[in-house]
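Colleague: Whatever this is, show me its structure:
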Amino acid sequence: MKYSRAIRLSVMAKILPPNRQSIRSVSREMGISEQTIRNWKAQSISGKLDQDSAEKSPGYYSSSEKYQVLMESARLSDEDLGHFLRERGLHSEHLTLWNQELRDMVKHKESRRDTERKEDKKRIKELEKELARKEKALTEAAALLLLKKKYEALMEELGED
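Modeller: All right, here's what the predicted structure looks like:
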């Protein structure tokens, strides 16, 4: 059976200084064979234990990784789920928390989208109002310019007479 890096490191913390618990007691406590623990100890001393796995703590999973784990775990039976979780160093509580976290993210995104939509509608109304005001001012300016030209034309006619 493959154990997660977190489990291996927690076992090492128990058997190495300063705790120095016996391998036999840790083996009984954790349900891991003594030989496996001895192998881990040898790897730890040689410096290979830290390098053999790129696993990371559940606290450092990205949202997409959490979603992927949730999707993978949804297809499994209870027995397979237990093995799946142990393999990754997770607990069933992680799945529950991540499920709720992702639901909250979706809900927050929807509410943020609704807020943005309301702000966009408000901005559109403001822009339409400003556009109508400017069109009205432009129409008024065009009318004044036309009146000025007519006045000048009329004055020229009167000046010639």
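Colleague: which residues in the protein form strands?
Modeller: Counting by DSSP state E, one finds no strands in the chain.
Colleague: Flag the shaky bits of it, pLDDT-wise.
Modeller: 1, 49-57, 59, 161 (pLDDT under 70).
Colleague: tell me the domain ranges of it?
Modeller: Taking automatic domain parsing as the reference, the chain has its domains at 1-55, 61-135.
Colleague: tell me the centre residue of the chain?
Modeller: In the chain, the residue lying closest to the centroid (CA atoms, centre = their mean) is residue 63, at 4.5 Å.
Colleague: OK, contacts around it?
Modeller: Contacts for residue 63 (CB atoms under 8 Å, 6 or more residues apart in numbering) come out as 101-102, 105. From N, CA and C alone the C-beta is placed, and that goes for glycine too.
Colleague: the longest helix in this structure is where?
Modeller: helix 92-160 (DSSP state H).
Colleague: which helices and strands sit right next to that one?
Modeller: Here helix 92-160 touches helix 63-74, helix 78-88, going by 3 or more CB pairs under 8 Å, 6 or more residues apart in numbering; DSSP states H and E.
Colleague: Residue 143 is nearest to which of those helices?
Modeller: helix 63-74 (59.7 Å; CB to CB).
Colleague: okay, the angle between that closest one and helix 78-88?
Modeller: Between the axes of helix 63-74 and helix 78-88, defined by axes from the mean of the first three to the mean of the last three CA atoms, to 10 degrees, the angle is 150 degrees.
Colleague: If you count neighbours, what's buried in helix 63-74?
Modeller: 66-67, 69-70, 73 (16 or more other CB atoms under 10 Å).
Colleague: Just put these in JSON lines and tack on distance to residue 87.
Modeller: Formatted as JSON lines, the buried residues of helix 63-74 follow (distance: CB to CB, whole Å):
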{"residue": "66", "distance to residue 87": "16"}
{"residue": "67", "distance to residue 87": "18"}
{"residue": "69", "distance to residue 87": "11"}
{"residue": "70", "distance to residue 87": "15"}
{"residue": "73", "distance to residue 87": "11"}
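Colleague: which among those residues gets closest to residue 116?
Modeller: Checking the buried residues of helix 63-74 against residue 116 by CB to CB gives residue 67 as the nearest, at 23.3 Å.
Colleague: Next, count neighbours for the closest residue to that closest one other than its chain neighbours.
Modeller: Among residues not flanking residue 67 along the chain, residue 102 sits closest, at 6.1 Å (CB to CB, 6 or more residues apart in numbering). With neighbours defined by other CB atoms under 10 Å, the count for residue 102 comes to 14.
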